[in-house]
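In: Model the following, please.
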Amino acid sequence: MTSIDGSQHAATSAAPVCVARLLLTLEAMSAALAEDRPNGPYALEAVLDDVVHCPAMEARPGLVNDSYPAVVEAVTQARNAAKVLRACPGSDRQWAVEKLRGAVEQARRQLAAREGDADASNNREGLFGHRCEACVFRGE
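Out: Here you go, the predicted model:
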């Protein structure tokens, strides 16, 4: 049982605001990288970790369209591409940007599947978990 209720995050018909902020942040980092304005390795690593560990992205037993393993794989590829770019600044920046954008798209697919499942079971609280307490994207 969580101590954060869904109404603190978003209206019942919308995606959790915190997750939308998280994905917008990752998209902004991708755009900054594309424009040769990287946010730094630690910031990117932290946001990628947040995507993987976000309760709204987690795998759920019985979820028909569960793509959590694909989210983890896409984030791993994005992380590796960013590492290559940091190690070899002359390497293809666009490749790393595409990997980051792929991670965002895969996360959106998983979120859509999780939201559909939550709506079908009439349990939007299932999108939240203990990590939500300390989420920097939660806002107030």
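In: Please make it C-alpha for all contacts and neighbour counts, starting now.
Out: OK.
In: residues in contact with stretch 19-26?
Out: 44, 47-48, 50-51, 54, 56, 100, 104, 107, 137 (CA atoms under 8 Å, 6 or more residues apart in numbering).
In: Can you dump the C-alpha atoms of it in CSV for me?
Out: Extracted C-alpha coordinates of stretch 19-26, given in CSV (Å, rounded to 0.1, in the frame of the first residue of the first chain):
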residue,chain,number,x,y,z
VAL,A,19,5.9,10.2,-15.3
ALA,A,20,5.1,12.8,-18.0
ARG,A,21,7.7,15.1,-16.4
LEU,A,22,10.3,12.3,-16.3
LEU,A,23,9.8,11.5,-20.0
LEU,A,24,9.8,15.2,-21.0
THR,A,25,13.1,15.6,-19.1
LEU,A,26,14.6,12.6,-21.0
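In: tell me which residues in that stretch are buried?
Out: For stretch 19-26, burial by neighbour count (16 or more other CA atoms under 10 Å) applies to 19-20, 22-23, 25-26.
In: Kindly indicate which of the residues you listed lies nearest Pro61.
Out: Distance to Pro61 across the buried residues of stretch 19-26 (CA to CA) is lowest for Val19, with 20.7 Å.
In: Same question for that closest one, what's its three-state structure.
Out: Of the three states, Val19 takes helix according to DSSP: H, G, I helix; E, B strand; the rest coil.
In: how close does it get to Ala82?
Out: According to CA to CA, to the nearest Å, Val19 stands 22 Å off from Ala82.
In: What of Asp50?
Out: 16 Å.
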